[in-house]
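Asks: Have a look at this prediction, sequence included:
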Amino acid sequence: MKKFLNKVVPTLIKIVPVCSALMLVINSNSTSTIWNGQPEAPKGLKKYRKF
């Protein structure tokens, strides 16, 4: 059991930060990609825009 833990724990220590960074990139890109797009604003809302 100790040999197994000595092999698994260092591997997990290396894999966990890579997985968390990958999930961060996937999550941030999924909320801001151009392919998702945004729906057209309703006409009632457009009258409040002042640009």
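Replies: Thanks, I have it.

Asks: C-alpha from now on. contacts and neighbour counts both.
Replies: Will do.

Asks: Any idea how many residues pack against Pro17?
Replies: 11 (other C-alpha atoms under 10 Å).

Asks: for the chain, what spans make up the helices?
Replies: According to DSSP state H, the chain carries its helices in the segments 2-32, 43-46.

Asks: what's the model's confidence in the last one, averaged?
Replies: Looking back up the chat, that one is helix 43-46. Taken as a whole, helix 43-46 has a mean pLDDT of 78.

Asks: Restrict it to CA atoms and write it as PDB.
Replies: The C-alpha coordinates for helix 43-46 follow below in PDB (Å, rounded to 0.1, in the frame of the first residue of the first chain):
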ATOM      1  CA  LYS A  43     -37.100  47.100 -29.000                       C
ATOM      2  CA  GLY A  44     -38.300  48.200 -25.600                       C
ATOM      3  CA  LEU A  45     -34.800  48.100 -24.200                       C
ATOM      4  CA  LYS A  46     -33.200  49.800 -27.200                       C
END
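
Asks: Tell me how far Leu12 lies from Ser20.
Replies: 12 Å (C-alpha to C-alpha, to the nearest Å).

Asks: same thing with Ile26?
Replies: Distance, Ile26 to Ser20, by C-alpha to C-alpha: 10 Å.

Asks: before we move on, what about Lys14?
Replies: To Ser20, Lys14 is 11 Å away according to C-alpha to C-alpha.

Asks: Arg49 now?
Replies: Counting by C-alpha to C-alpha - Arg49 and Ser20 are separated by 39 Å.

Asks: Those two: who's more crowded?
Replies: Ser20 (11 against 6).

Asks: Spit out the contact partners of that one.
Replies: For Ser20, the contact set (C-alpha atoms under 8 Å, 6 or more residues apart in numbering) is empty.
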